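>>> My questions concern the predicted model and sequence given below.
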Amino acid sequence: MESTQCREPWNRGKLIGQKPPLKPKDIWAIRIHLQNGGRVRDLAMFNLAIDSKLRGCDLVNLRVRDITHGNQILSRAMVVQRKTQRPVQFELTEPTRTTAAAWIEKAKLKPEQCLFPSCLADSPHVSTRQYARIVHQWVSAIGLDSTAYGTHTMRRTKATLIYKRTKNLRAVQLLLGHTKLESTVRYLGIEVDDALEISEQTEI
């Protein structure tokens, strides 16, 4: 008679579902941590990840020329998404432009080079896996549970804040580069959030 072994569930101890966005206080805590540590590249990467709302694969694939014109950092940029092959635009706020310029200068990057080069000879830029590890380091550094956050946290953070402040779902759809509004609704989990918010405001 064969002995049967109980397999441990693949998701045991793991949080499943959408990764939550960062709160404004978390954003500032990470920025201060990176500034105090002199982490020029990471600060530029963090700010750009928040502003751009790009998927990890698109963020690490950025080249210097994507966000610059001559020696100037653009206030708006556009890239073609690898997943959908559709262009998406994003803004670069002043803190992001400042930190990106500081990183480009420190690393002496040329326009055709990747914005976040890899240390490995066979890779032109930081891998998505490495980016994911970096994100975990950021959230752990300010005392958050790194298993609850991921690269999609970075993509969702500003989009979620914009929706909460404006309730303009169409604007968020455009910023995320989604083709369908339903995708944006699912991605932000706003139906659940809105329902809970209404419930909390309803006294019985």
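Yep, it's here.
>>> Next up, identify which helix or strand the residue nearest the centre of the chain is on.
In the chain, the centroid-proximal residue (Cα atoms, centre = their mean) is residue 154; its distance is 2.4 Å. Using DSSP states H and E, residue 154 sits within helix 151-166.
>>> what separates the residue nearest to the residue nearest to the centre of the chain when sequence neighbours are not counted from residue 101, distance-wise?
Of all residues not flanking residue 154 in the chain, residue 49 sits nearest, at 4.0 Å (Cβ to Cβ, 6 or more residues apart in numbering). Heads up, the C-betas are built off the backbone N, CA and C, glycines and all. Going from residue 49 to residue 101 by Cβ to Cβ, to the nearest Å gives 17 Å.
>>> ok, now residue 177?
The separation that residue 177 has from residue 101, given Cβ to Cβ, amounts to 25 Å.
>>> ok, back up a step: what does the helix or strand following the helix holding residue 154 rub up against?
Note on helix 151-166: by DSSP H and E, the next helix or strand toward the C-terminus is helix 169-176. Here helix 169-176 makes contact (Cβ atoms under 8 Å, 6 or more residues apart in numbering) with 53, 88-90, 155, 159, 162-163, 180-181, 183-185, 187-188, 190.
>>> next one: whichever helix or strand comes after helix 169-176 to chain centre, how far?
Downstream of helix 169-176, the first helix or strand assigned by DSSP H and E is helix 181-188. From the chain centre to the centre of helix 181-188 is a distance of 17 Å (Cα atoms, centre = their mean, to the nearest Å).
>>> helices and strands around helix 181-188, which ones?
helix 151-166, helix 169-176 (3 or more Cβ pairs under 8 Å, 6 or more residues apart in numbering; DSSP states H and E).
>>> Next, the buried residues of it.
Using 16 or more other Cβ atoms under 10 Å as the test for burial, helix 181-188 gives 184, 185, 187, 188.
>>> Before I go, just wanted to say thanks for your time.
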